[in-house]
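Asks: Quick check, what structure comes out for this input:
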Amino acid sequence: MTSRGVYAELTERITGWIKERVHGAGMSGVVIGLSGGIDSGVTAALCALALGPENVLGLVMPCESISDDTRDGHKTAQHLGISVKEIDLSGVLGVFTVAGNLDTADILNLANIKARLRMTMEYAHSGNRLVVGTGNLSETKTGYWTKWGDGAADFLPIADLWKDEVRELARYLELPEWMVERVPSAGLWLNQSDEDEMGVTYNEIKNYFARGTGNVSVEAAERITQLHASSTHKRELIPFYHARGWLDERQ
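Replies: The predicted structure follows:
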């Protein structure tokens, strides 16, 4: 099968799955956060194909963000023909940090707060919609997402695709080249990029997991091993102590 044929069938499979998830839950559509990046663009495009663009609501949520992300979020919605709503969360972030007496110099904690505020807003707009997540397999494996932030969603259409596969799917879906070639970034602070923050490239992550640790440098293997191990708790269901059997025997 040609590469185009593979991604045509993949699109059909994912869109069929999206329909099943949404309609099976008795919902009519989805809500998705739009950053202007390729992951949210591909996910929104798949949802628009599966459900019709009229049933996809995109939220653009600047939160002390760079203006390019807001602009590109709107451009994504316009390209796909989906509804879009802009909600500036900068003021909410300010109130939250002041109320909690939080250290705003702690850039990572602040980034996680932003992600969680955005997901809270997505669920506030869910109603008869499911919240769709945009994470990919590279992020899933390394834990490169915020617990109860962008990692909180009702379903994840592209979570089993490596970053390069997401890019190829974007090209098949005829998404704009500016989106396909955009430097992957969560947009949580100025000049932030995913690969710089992780300390490894998306290609190295794929090679490590798909082809074996010997296919990346020793330094990259050590970093990816550490990222995967430290994020194990993110990939597990919330643990609880299994007291039931012990109690039932004694009551």
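Asks: pLDDT of the helix or strand hosting Gly245, averaged?
Replies: Element membership of Gly245 [criterion: DSSP states H and E] is helix 244-250. Averaging pLDDT along helix 244-250 yields 94.
Asks: Next, the buried residues of it.
Replies: In terms of neighbour count (16 or more other Cβ atoms under 10 Å), helix 244-250 has no buried residues at all. All C-beta spots, glycine's among them, are computed from the backbone N, C-alpha and C.
Asks: Pull that helix out as PDB, backbone CA atoms only.
Replies: The C-alpha coordinates for helix 244-250 follow below in PDB (Å, rounded to 0.1, in the frame of the first residue of the first chain):
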ATOM      1  CA  ARG A 244     -12.600  -4.500  50.100                       C
ATOM      2  CA  GLY A 245     -11.600  -8.200  50.200                       C
ATOM      3  CA  TRP A 246      -9.900  -7.900  53.500                       C
ATOM      4  CA  LEU A 247     -12.800  -6.000  55.100                       C
ATOM      5  CA  ASP A 248     -15.500  -8.400  53.700                       C
ATOM      6  CA  GLU A 249     -13.700 -11.300  55.300                       C
ATOM      7  CA  ARG A 250     -13.800  -9.700  58.600                       C
END
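Asks: Offset the numbering so it begins at 15, please.
Replies: I'll keep to 15 as the first residue from here, and by that count the last item is helix 258-264.
Asks: That helix: how far from the chain's middle?
Replies: Taking Cα atoms, centre = their mean, to the nearest Å, the mean C-alpha location of helix 258-264 is offset from the chain mean by 41 Å.
Asks: residues making contact with the least confident helix or strand in the chain by mean pLDDT?
Replies: Of all helical and strand segments in the chain, the minimum by mean pLDDT, DSSP states H and E falls on helix 208-212, at a mean of 87. Contacts with helix 208-212, where a contact means Cβ atoms under 8 Å, 6 or more residues apart in numbering, come from Thr156, Tyr158, Pro198, Ser199, Ala200, Thr215, Tyr216, Ile219, Arg237, Leu241.
Asks: Just the residues contacting the helix or strand following it, thanks.
Replies: Scanning forward in sequence from helix 208-212 by DSSP H and E, the next helix or strand is helix 216-225. With contact meaning Cβ under 8 Å, 6+ apart, helix 216-225 is reached by 152, 155-156, 176-178, 198, 208-209, 212, 229-231, 234-235, 238.
Asks: so after helix 216-225, what's the next helix or strand?
Replies: helix 232-244.
Asks: Okay, strands next: where are they in this structure?
Replies: 43-47, 70-74, 97-100, 143-145 (DSSP state E).
Asks: and those as JSON lines, adding mean pLDDT, mean neighbour count and distance to Glu26?
Replies: Output for the strands of the chain, formatted as JSON lines (pLDDT from 0 to 100; neighbours: other Cβ atoms under 10 Å; distance: least, Cβ to Cβ, whole Å):
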{"stretch": "strand 43-47", "mean pLDDT": "98", "mean neighbour count": "26", "distance to Glu26": "18"}
{"stretch": "strand 70-74", "mean pLDDT": "98", "mean neighbour count": "24", "distance to Glu26": "18"}
{"stretch": "strand 97-100", "mean pLDDT": "98", "mean neighbour count": "15", "distance to Glu26": "25"}
{"stretch": "strand 143-145", "mean pLDDT": "98", "mean neighbour count": "21", "distance to Glu26": "20"}
